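Student: Quick check, what structure comes out for this input:
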Amino acid sequence: MKDYILGVDLGGTNIKAAAYRLGSYEKVGEKRLPTQVEGGWEHVLGRVLAALEELLRHTPRERVLCVGMGVPGLPGGGEPCPGHLPGGVRNRHRPAGGRRRDAGGCRLRRPPHGGGRPDVSRKKSFPF
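Tutor: You can find the predicted model right below:
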């Protein structure tokens with residue numbers, strides 16, 4: 001049974017990663033570390049993977065449904081990827097579910113009965 005999701009927020013200053021239990025959206029693990037952009041994209045990607053490995057020490061790997069990653073960038077134009085990761089993720093790892101822009105990714109994460117309604121807890125409709 002796949003009942004955990006992992007999420008990564010890659011920023012220019014910090015990397016934040018967390019693991020959640022599906023259904024209850026209970027946070028079961030969290031890892032934060034400096035991005036260290038000056039090391040280059042391979043170093044940054046290594047730090048992202050290290051954060052995920054740390055989460056997987058406390059989350060059964062075979063029960064993880066997916067990993068989502070938020071990165072800065074402009075949809076539809078401009079710089080499509082943060083400057084410290086030019087092509088890094090694409091060149092090193094092929095996404096299992098494909099890449100999606102923020103709006104499409106939010107649609108995938110939100111339950112069909114909650115997003116945007118004032119009577120539904122934000123935590124329940126958007127765990128990250």
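Student: The one helix or strand residue 29 maps to pairs with which strands?
Tutor: Assigned by DSSP states H and E, residue 29 belongs to strand 26-34. When pairs are called by DSSP bridges, strand 26-34 turns out to pair with strand 14-21 (antiparallel).
Student: Show me what counts as buried in the partner strand.
Tutor: For strand 14-21, a neighbour-count test (16 or more other CB atoms under 10 Å) marks 15-20 as buried. C-beta here means a position set from N, CA and C on the backbone, and glycine is covered the same way.
Student: Setting aside sequence neighbours, what's the nearest residue to residue 23?
Tutor: residue 3 (7.1 Å; CB to CB, 6 or more residues apart in numbering).
Student: Now do that neighbour against residue 24, distance only.
Tutor: The gap separating residue 3 from residue 24 is 10 Å, by CB to CB, to the nearest Å.
Student: which helix of this protein spans the most residues?
Tutor: helix 41-56 (DSSP state H).
Student: That one: what's the following helix or strand?
Tutor: strand 64-70.
Student: name the helices or strands packed onto that next one?
Tutor: strand 4-10, helix 41-56, helix 102-109 (3 or more CB pairs under 8 Å, 6 or more residues apart in numbering; DSSP states H and E).
Student: Could you tell me the average pLDDT over that strand, please?
Tutor: On average, the pLDDT along strand 64-70 is 92.
Student: can you put the helices and strands packed on strand 64-70 in CSV and add mean pLDDT, mean neighbour count and distance to residue 65?
Tutor: Supplementary listing: the helices and strands packed on strand 64-70 in CSV, determined by pLDDT from 0 to 100; neighbours: other CB atoms under 10 Å; distance: least, CB to CB, whole Å:
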stretch, mean pLDDT, mean neighbour count, distance to residue 65
strand 4-10, 94, 20, 5
helix 41-56, 93, 17, 13
helix 102-109, 44, 12, 11
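Student: TSV please, covering these and showing distance to residue 72.
Tutor: TSV is the format used below for the helices and strands packed on strand 64-70 (distance: least, CB to CB, whole Å):
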stretch	distance to residue 72
strand 4-10	8
helix 41-56	12
helix 102-109	10
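Student: looking at the ones you listed, which is closest to residue 28?
Tutor: Across the helices and strands packed on strand 64-70, residue 28 has its closest neighbour in strand 4-10 (7.1 Å, CB to CB).
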